[in-house]
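**Q** let me see the structure of the following:
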Amino acid sequence: MGDSQTWAAAPSAAEHARSVLATAWSCAVTAEGGRAEFVGAHTVAEDGRVTLDVPEDSTLVAAAICAPRGEPSAVLEFADVAPVPVRGRIRARLWIAGWFVPGDAEGRLEFKATRVVLRRESGAVVVDLDEFAAAAPDPLATAESRLLTHLADCHPDAVERLTRLVEPDSLHGAVRVQPLAVDRHGLTLRIERARAHGDVRLPFHAPADDVARLTERMHVLLTQASAASCPRALQRQRADGDG
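**A** Just a heads-up that it's a prediction; the model follows:
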């Protein structure tokens, strides 16, 4: 279960879905012929349409193409994996139902979507197709992996300092805190306990639409954290470790 700390502004479901699609490196296809995973084989158009390059002898996709048009015959699945090692590393899953049509080149297929479902920690939500087509990925989505791994690997002291902005109840029993996600609206921390975990959102005071603005927003959070007292839960944890 997640923590009860209030979440501030966050990407809409359509924006989140488009971010998952923009950063996924593999695509799993489920059709009547079974299931197959394609790595580095899909591209995404500006309106969210997925194109898949497949081997000519793919029986799975052949079955999907031969299925009746106008009704869902295949499901595409994309996973959103946290770049920093944490417990429960899959942050979200995106499913797109629909059917394939031949593309503009041999071995290339276009996917016509009829339904989009995004599942995240809070549950599953059906994304409106028009909203999905009109939405854009978060501007930090393609840089997120690099940004979070740099924060976790090179600045663990900054991560610990940011916990001063977290409500003490959310830190009760914490054994590790890691950066889980970042978008233009805020940073999410994963708080791991012995047998459970929860996520806490640290909102930015204004959206960060590029990396330069993100740097400024992070400096503001760290300044606020420096002015706050160290959470008692982490003080006890540090004292126990020193003993």
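**Q** for L180, which three-state class applies?
**A** Assigned by DSSP: H, G, I helix; E, B strand; the rest coil, the conformation of L180 is strand.
**Q** who's in contact with the helix ranked longest in the chain?
**A** The residue-count maximum for a helix in the chain (DSSP state H) belongs to helix 211-227. Contact with helix 211-227 is made by 140, 143, 147, 158, 161-165, 182, 184, 187, 202, 204-208, as judged by C-beta atoms under 8 Å, 6 or more residues apart in numbering. C-beta coordinates here come from the backbone N, C-alpha and C atoms, glycine included.
**Q** only whichever of the residues you listed are buried, select them in ChimeraX.
**A** In ChimeraX syntax, the buried subset of those is picked out as below (16 or more other C-beta atoms under 10 Å):
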select :140,147,161,162,163,164,165,182,184,187,202,204,207,208
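**Q** pull out the buried residues from the longest helix of the chain.
**A** In helix 211-227, counting by 16+ other C-beta under 10 Å, buried: R213, L214, R217, M218, L221, L222, A225.
**Q** list the contacts of D183.
**A** Counting by C-beta under 8 Å, 6+ apart, D183 has contacts A10, P11, S19, D138, L140, A141, E144.
**Q** circling back: columns distance to V84 and pLDDT on top of the buried residues of helix 211-227, output as a markdown table?
**A** As requested, the buried residues of helix 211-227 are exported to a markdown table (distance: C-beta to C-beta, whole Å; pLDDT from 0 to 100):
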| residue | distance to V84 | pLDDT |
| --- | --- | --- |
| R213 | 22 | 97 |
| L214 | 16 | 97 |
| R217 | 19 | 96 |
| M218 | 15 | 97 |
| L221 | 17 | 97 |
| L222 | 18 | 96 |
| A225 | 19 | 94 |
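**Q** pick the one among those residues closest to I65.
**A** L214 (42.8 Å; C-beta to C-beta).
**Q** so where do the helices sit in the chain?
**A** Using DSSP H, helices in the chain cover 13-23, 59-66, 129-134, 144-154, 156-162, 168-171, 211-227, 232-242.
**Q** and of the ones you listed, who's closest to A105?
**A** Nearest to A105, of all the helices of the chain, is helix 59-66, at 14.3 Å by C-beta to C-beta.
**Q** need the contact partners of that closest one.
**A** 29, 31-36, 52, 54, 73-74, 99-102, 109.
**Q** what sits against the residue nearest to the spatial centre of the chain?
**A** In the chain, the residue lying closest to the centroid (C-alpha atoms, centre = their mean) is D80, at 4.6 Å. Going by C-beta under 8 Å, 6+ apart, D80 touches S19, V20, T23, A24, I90, R91, A92, R93, L94.
**Q** and the two most separated of those residues?
**A** Pairwise distances across these (C-beta to C-beta) peak at 14.6 Å, for the pair S19 and I90.
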